[in-house]
Structures are given as C-alpha cells and as structure tokens.
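*Asks:* I'll drop the sequence and a predicted model, then ask my questions.
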Amino acid sequence: MPELKKSAGMTYLRETRLERDFKPMDRPAIRGCEPYKEYPNSRRFTLPRVRHDHGKDLWQSLQDRRSRRRFSAGPMAQDDLALLLWAAQGITARSGSYFMRTAPSAGALYPIETYVGINRVTGLPPGIHHFNPAGFFLEQLTETTPGPFLATAALGQKFLENAAVVMIWTAVFRRNLAKYGNRGMRYILMDAGHICQNLLLAAESLGFAACPVAAFFDHEIDLLLNLDEEEESVIYLAGVGPAPPQEP
Ligand SMILES: Cc1cc2nc3c(=O)[nH]c(=O)nc-3n(C[C@H](O)[C@H](O)[C@H](O)COP(=O)(O)O)c2cc1C
C-alpha cells in the first residue's frame, strides 16, 4: 500500500521511532518554558474545594460510560465543574519540584493546558476560562457564551452548543519537545487522551453526558484562544453537562 507508506502520518511515526543507536544528544536544542500558563490580568474565580463522597464507583462508571451527545438545558453546579477539572488535571502530590496530577504525563512535563468553555455554570459568567491547576481557580479570558462558536468550529457539531461546558485542551509543544524532541509529539497526544478519559469517567460517575471531540477547525479555535500556533495549539475537546432526564 504505497500511499499509506508515503502519508504524513506514517512518515512521522517512522521518523520518530526510537532505535538502538539513539543518543539523547540527537535531540533538537529547544529551550523549555514555564510549567503552566497564567493570565495575571484576567478576572479570577476560585473553584470550590472538591468532595469525593458521591457518584458511581469506578467499575460501574467503566461499565456504563458512553459518548453522550444530548444535554439538559439546565446549568452545571460549580461543585461539579470543580470535580471534573480536578479529575482531569488536578494536582494530587508533590515529588521534588514536580507537581503530580490525576493523569499521567510523559516526564511529568504536563504540556496540556485546560480551557473551559462555559455555557451554563451556576455562579460563573459565560465565556472562555483558563484553568489554573496550582491555584485551583479559573481565569476568565472572554465574555461571550462560547457554545455557538465552538459548535461551528467543530464542523457544526451542535451538541457543543447544548453542553453546559466544553473542555478545550491545548498543547504547549515546547514543554515536552524541549526534552523529547519530535518523538514528544506522540507523548503529547497520549497525555491528552489520558486527561480526556479521566474527564469522561468522572462525568459518568456524576451521571452527566459527555462526548470527546477531535473533529474541529484547529485554526479557528486557536484564534478564539488567542494562541501563538507555533507554540500552542488545540488538541482535543469534550462537551460535558447534566443529561436530559429521559437519557437511558
Ligand atoms: C479521538 C476521538 C475523537 C472523537 N471525535 C468525535 C467527534 O468529533 N464527534 C463525536 O460526536 N464523537 C467523537 N468521538 C466519540 C466516538 O465517536 C466514540 O467514542 C465512539 O463512537 C465509541 O463510542 P463510545 O465512546 O460511546 O464507547 C471521538 C472519540 C475519540 C476517541
């Protein structure tokens, strides 16, 4: 199948295989950067302290999880948003200078940033917010309800407009590539997968609907977030929120 062999995807995989003669010095000289982003001039919203005393257990959540695309018109409680963010990217331990999180990350580098598109959360203004994992607060970046824009940018997937919240995960490439070179791009995508699965299981545990989304016009979402695409770009989305009462 020559066309597969020549594809960009297969070329990338081939060129980032580790071989026995590999030397760490072969890596490109990319300097690192700060371990997570901060928006000091934004309006901050401290998230409630998380409680772990409710929800379905892990085994039942694994059994029941499905990608669900129907949402209730009601808001999400701030407690539940806090719990979802903690499940996806909460800091759970310290190891030397590393702040470990709920999801694993290659080299504990945590290149994924979490932005929250808030359509309806009790007590929080709609807009795009950035999640600060160390301070456990949100930093508000925009003030317009983001659902319609995100749905359009996601190839018209209307359910993102109906979800109470849309998680937006970006990668700050330098954070990982400074250590792992081009192979690090593989690790970045794996990191995002772990984070999203944590979110999906937490959503299932809370009885929420949630659906991962990777079909979107990257550039449009990067523009919304005002990103320098050479440094950071959107990787993955997930719509999440209370389900309609009749949802099986
Ligand atoms: C990487 C990835 C990208 C996905 N992108 C979309 C998407 O853009 N839109 C959508 O409706 N579902 C999307 N899904 C959900 C899949 O359609 C779903 O996981 C699959 O049909 C299996 O169903 P289940 O999740 O209910 O087990 C995506 C899933 C993954 C893992």
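*Replies:* On my side now, so go ahead. Residues are numbered from 1 along each chain as shown.

*Asks:* so the host helix or strand of Leu13, near the ligand or not?
*Replies:* Element membership of Leu13 [criterion: DSSP states H and E] is helix 8-15. No - on the criterion Cβ under 6 Å from any ligand atom, helix 8-15 is out of touch with the ligand, staying 13.9 Å away. (C-beta placed from N, C-alpha, C; glycine too.)

*Asks:* what does the average pLDDT come to for the helix or strand containing Leu85?
*Replies:* Per DSSP H and E: Leu85 is located in helix 78-89. The average pLDDT within helix 78-89 is 98.

*Asks:* only the buried residues of the helix or strand following that helix, if you could.
*Replies:* Using DSSP H and E, the helix or strand that follows helix 78-89 towards the C-terminus is strand 91-95. For strand 91-95, the neighbour count (16 or more other Cβ atoms under 10 Å) marks Ile91 as buried.

*Asks:* counting by contacts, list what the helix or strand that comes right after strand 91-95 packs against.
*Replies:* Where DSSP H and E defines the elements, the next helix or strand beyond strand 91-95 is strand 98-101. If you count contacts as 3 or more Cβ pairs under 8 Å, 6 or more residues apart in numbering; DSSP states H and E, strand 98-101 packs onto strand 91-95.

*Asks:* helices and strands around the strand it packs on, which ones?
*Replies:* With contacts taken as 3+ Cβ pairs under 8 Å, 6+ apart, strand 91-95 sits against strand 98-101.

*Asks:* which parts of the protein sit against the ligand?
*Replies:* Proximity of the chain to the ligand is confined to Arg66, Ser67, Arg69, Gln157, Cys211, Pro212, Val213, Ala214, Ala215 under the rule Cβ under 6 Å from any ligand atom.

*Asks:* what's the residue closest to the geometric middle of the chain?
*Replies:* Among the residues of the chain, the one closest to the centroid is Trp169, at 3.0 Å (Cα atoms, centre = their mean).

*Asks:* highest neighbour count among the residues of the chain next to the ligand?
*Replies:* Within those, neighbour counts (other Cβ atoms under 10 Å) peak at Val213, which reaches 23 neighbours.

*Asks:* helix, strand or coil for the nearest residue to it once chain neighbours are set aside?
*Replies:* Of all residues beyond its chain neighbours, the one nearest Val213 is Leu237 (4.2 Å), with distances taken as Cβ to Cβ, 6 or more residues apart in numbering. With DSSP: H, G, I helix; E, B strand; the rest coil as the basis, Leu237 sits in strand.

*Asks:* and the gap between the closest residue to Gly32 other than its chain neighbours and Cys33?
*Replies:* Spatial nearest neighbour of Gly32, chain neighbours left out: Ala178 (4.2 Å); criterion: Cβ to Cβ, 6+ apart. Per Cβ to Cβ, to the nearest Å, Ala178 is found 8 Å from Cys33.
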